[in-house]
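Visitor: Let's see this in three dimensions:
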Amino acid sequence: MANNGSYSNDRPSSGGDPPDYAADPASGGFFHSDYKKHDDLKQMLDSNKDGLKLEAMKRIIGMVAKGRDASDLFPAVVKNVVSKNIEVKKLVYVYLVRYAEEQQDLALLSISTFQRALKDPNQLIRASALRVLSSIRVPMIVPIVMLAIKDSASDMSPYVRKTAAHAIPKLYSLDQDQKEELVHVIEKLLSDKTTLVVGSAVMAFEEVCPERIDLVHKNYRKLCNLLVDVDEWGQVIIINMLTRYARTQFVNPNDDTVGEETVDKPFYEDDDDEDEDTEKDEKVKKTYTLDADHRLLLRNTKPLLQSRNASVVMAVAQLYHHLAPRSEVNVVAKALIRLLRSHREVQSVVLNCIASISTMRKGMFEPFLKSFFVRTSDPTHIKLLKLEILTNLATETSISVILREFQTYISSNDKEFVAATIQAIGRCASNIKEVTDICLNGLVVLLSNRDEAVVAESVVVIKKLLQTQPNEHKDIIIHMAKLVDFITVSQARASILWLLGEYSDRVPKIAPDVLRKMAKTFINEEDIVKLQILNLAVKLYLTNPKQTKLLCQYVFSLARYDQNYDIRDRARFLRQFIFPTNGSEQTKLSKHAKKIFLATKPAPVLESKFKDREQFQLGSLSHYINARANGYHDLPDFPEVAPDNGVRDVEPTPVYQEPRVKKPHVVKKRSFYSESEHSSPADEDSDDSSEEDSSDDESSEENSEAESGSESEENSKVRAKSKSTNAPSVKKVSKKSDDSAESDSDEEDDDDSSSSSSSSDGGGDEEDDDDEDDDKASESSETNDSSDNEKKKKKPKEATAVVKGSVSTNQSRSGAAKPKSNLDLLLELDDVPPTITPVMTPSLGGFLTPLTTPVAPLTSTTIQHASASFIPMKTTEILNRVSGGGLTVVSRFTRSPHLFSPSMVSIEFTFTNMGSTDISDIKVGQKNLPPGITMHDFAPIGLLHVGTSLPGTVGIDFNDSTQPISFEIVTSERTCKVNLRASIGELIRAVTMPENLFISEQGKLKGMTEHTASLSLPITCNNSKAICQRVYEIANVAAIPGTDPSVLRFAGQTLSSKSLVLIIIKILDGEQVNVSVNCEKMVVGSMLLNEIKSHLRS
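Guide: You can find the predicted model right below:
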């Protein structure tokens, strides 16, 4: 509908036709008079003015960007594809790329225009034309598009070649028969050396022919080297492709069987000595190295961990996870932690990957434990992922911090998060036996929580934990049975009923009563509860038929007519075990009913739900949703034997040889003579440096000319020749040196450090003499200028000090004129001025001066270290005479700080030779230490005579853990493996403090960090002195003086973490005492309380 040439939007339409409102409500046509704006845009596009066309196209592209429909403008826009205005043409192509697929018939009319645009001088127009042409999805124009892609793949512009790579997958999806021709184009694009193209070429390779890894072989090293300079999108594509490529070309770096063939083939050796076998194993491990190309990939991707793009960091992280050796994977941890500061969407993906990694590499993220603490502002799915990671990272040393975090999470308002926290506590209790009792007691406390959801989840978790040790927790089962009347959550009620049925023999009086209550409410219960009521009825009938027979019959009668067919079928099935229908008293089923229903059931294994995600590639969509997504390809397995790496060898192109060929003939000739006359190491060094820079090449050859001239003067005949030939050449050199002054400035900077030392030896005088000699040797004054230029060239980099003169002069100055190499100049330490060497002044202190500032004297209000109140003399044999071949080793804890580190336990070894021959070379061999534990070896013993004993002291930092350590004691004849374990009391150092400070510190360690117990003392230990002695024997603590004689207080500090350990023993009437242990490390407190109890009772 025309508007009679007017651009006014307010003018009503002429004629009787109704107004043509905009079809899109979002355009606002219903609410204002601008309903004819599309007609106005069409008129603007039909105008002869480029300004109006450009304004119209900007408005149309703005509509497209906002998601509005502008397809009805296609005929008006496509006419402007022939516009001569570059800006208009660019916007027209942008529009056509968007709508060419929808308006294929109209787009086909302009194909000839697009073909002409492929030859346009402007690279943006050529690329846009190809982009539009490939967006027209009509099989008829496939040959045209193929021809355009082939031409564009050879275009001079990298941008056009990049566009050609993007057009390849479009054409392939339109006609897959073109694959062979497209593969040839991809092969050509993969060999491109421009960083703008390679990313898109790899993308086309992945879409069209990912199985053709032979196309990658020759481009592998180039892709690795260009990776840092490629755009971020291309980096992600290339890294993912190289990950798959490396999985097919390199062996598994973490395969423990690598190198076994060498060990299992003792062709020339006897396997009669264990020591030789050990040495062979070590040798194999040392000789195995990564393939050079494998190492190249890891080395070139490592810098990308600092990328600002989260996708690039994640791509490198998955590459290291799937390809790197175990010892090198930890480098990605810090980069992944950095991504947690990003948006929620990024956090979700990163945390998902960290949760998967933490199931296999627990120690990788332990240093960053606090980064996974939950914030109140986190959304629920982020909280759950962090909770999963914290549970995976829990160890004996970190469990106390994690449980304290969990304790605060339970009070959250997010019910889903609270339920997951309770499940996490159960997993920690199941995985770490030292805190099982603590967690179980904490969960029992939650049973009295006001929130029913918390109680229900606690019941479910307690049920799983009780299966591990039901005999010790009868009281908990009774307590849970009383909750049946109050809990309404079906899952919790079903768990209680299952526990009562499984352990009915522990509560024979309570279980039948619960069944009676359940029979009353059977018809109102949920299906899952009804099924457990049937199970409870069967188990009680088998263990107590007199009291429960009638109840069972009643329950099975109700279940027989239940609405749910599952319950009816279950009742019919179970009835045959206890109430046979054939009237006989016992059938085959009923005979074995007890074995079937009352069989011992294994405790459930609480595992992470991320354990089975290793089958998917890290960071992929399939890994995130834990299901195979459409289009996902499995990561290939490592080959058992690596394929030939020669396929990646590429003949080097002579890039650096071209400048040498193009040099002037005279200069080349003189460098040849200088090399033939003398080949000193200094000349070789200068040749090597010349290959790096063409300007350095020229300067080195010029100096070699001067060098040859100076040496030729020692012979009169050669000197005569040099007079006739060197003068004109020097003139050429001086002119050339002026041209290359800029390139020589780098050499002068490098040689500043050595020029100072040469000047101290009278270098200036020699240069003056050189000028005089040059005047005599040359026939014109031009050599003065050349000698001035040669002063700049006479540097130690060329390793010569050119001196021209008579033979007698050279002999008198033989020491100064002797050629010196770079290494000689660096080793001339006598030339260094004495003021450069550091001087230690009294103000700086001597070697015995402490490195830290003096500590203020301790006051009576501070915690101070104290000496041990009891030194144990008990020894433990760690190596007996038989295993040690006559050598016995006993250990004793000295309770004194080790000299190497105050966090180490000092252990005294006593080595005794009880054999018939002397033993020599006793030392520590290979150590097998858990993570976080370090060991300082004892001094090697050279010789131990028969019947003699020698001591040795080791220091071990147990990291506040009682895990045993294993190491080898090696002698000249054999290797003996020994194990050593420390009791929890030996990991403590005695400290003393005032009573008020003790009470204050104890007040800070309440709740889960406090462990209490009551016990009766034997007659031998019924006074304060005896109790103190028993405590001193079991732990290295110090007594705290107090006013109340019935309260004994002891204090200590863990060696590694410096956590306070506070012990209080209250003596009650009679022989009863209350013992409480407060420690931030909950595992330490729990274990110490158990040891004190057992020692006081003994």
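Visitor: who's in contact with Arg212?
Guide: For Arg212, the contact set (CB atoms under 8 Å, 6 or more residues apart in numbering) comprises Val183, Phe205. No exception for glycine: its C-beta is placed from N, CA and C like everyone else's.
Visitor: if I look at it, how far off is Thr248?
Guide: Using CB to CB, to the nearest Å, Arg212 is found at 12 Å from Thr248.
Visitor: Lys977 too?
Guide: Lys977 sits 40 Å away from Thr248, taking CB to CB as the criterion.
Visitor: Quick check: closest non-adjacent residue to Glu640.
Guide: Val251 (7.3 Å; CB to CB, 6 or more residues apart in numbering).
Visitor: Over to Thr934?
Guide: Nearest one to Thr934, counting by CB to CB, 6+ apart, is Asp957 at 4.6 Å.
Visitor: Find me the pLDDT at the one you found, would you?
Guide: Confidence at Asp957, expressed as pLDDT, is 90.
Visitor: Equivalent analysis for Pro681, please.
Guide: Per the predicted model, pLDDT is 41 at Pro681.
Visitor: can you offset everything so residue one is 11?
Guide: With the count now opening at 11, the last piece we talked about shows up as Pro691.
Visitor: Sort out which residues of stretch 109-117 are buried, please.
Guide: Of the residues in stretch 109-117, Tyr109, Ala110, Gln113, Leu116, Ala117 count as buried by neighbour count, 16 or more other CB atoms under 10 Å.
Visitor: does the fourth one sit in a helix or strand, and which one?
Guide: By that I understand Leu116. helix 114-118 (DSSP states H and E).
Visitor: Contacts only, for Asp947.
Guide: Counting by CB under 8 Å, 6+ apart, Asp947 touches Lys933, Val934, Val964.
Visitor: and the first one, backbone torsions?
Guide: Just to be clear, that refers to Lys933. phi -160, psi 170 (degrees, to the nearest 10).
Visitor: My read is that it contacts Glu978, right?
Guide: No - contact criterion CB atoms under 8 Å: Lys933 and Glu978 do not qualify, at 9.4 Å.
Visitor: which residues do the two both contact?
Guide: With CB under 8 Å, 6+ apart, Lys933 and Glu978 have no common neighbours.
Visitor: got a list of what Lys396 touches?
Guide: Counting by CB under 8 Å, 6+ apart, Lys396 makes contact with Leu361, Phe382, Phe383, Val384, Asp388.
Visitor: List the buried residues of stretch 417-426.
Guide: Buried, per 16+ other CB under 10 Å, within stretch 417-426: Tyr419, Ile420, Asp424.
Visitor: oh, I was asking about stretch 485-496
Guide: Neighbour-count burial for stretch 485-496 flags Ile486, Ile487, Met490, Ala491, Leu493, Val494 (criterion: 16+ other CB under 10 Å).
Visitor: Relative to Leu206, how far out is Tyr169?
Guide: 7 Å.
Visitor: Just give me the neighbour total for the residue nearest to Met370 when sequence neighbours are not counted.
Guide: Closest residue to Met370 apart from its sequence neighbours, by CB to CB, 6+ apart: Glu624 at 7.1 Å. By other CB atoms under 10 Å, the residues close to Glu624 number 16.
Visitor: on that earlier part again, pipe the buried residues of stretch 485-496 into JSON lines and attach pLDDT and secondary structure per row.
Guide: Converted to JSON lines, the buried residues of stretch 485-496 look like this (pLDDT from 0 to 100; DSSP: H, G, I helix; E, B strand; the rest coil):
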{"residue": "Ile486", "pLDDT": "79", "secondary structure": "helix"}
{"residue": "Ile487", "pLDDT": "79", "secondary structure": "helix"}
{"residue": "Met490", "pLDDT": "78", "secondary structure": "helix"}
{"residue": "Ala491", "pLDDT": "82", "secondary structure": "helix"}
{"residue": "Leu493", "pLDDT": "80", "secondary structure": "helix"}
{"residue": "Val494", "pLDDT": "81", "secondary structure": "helix"}
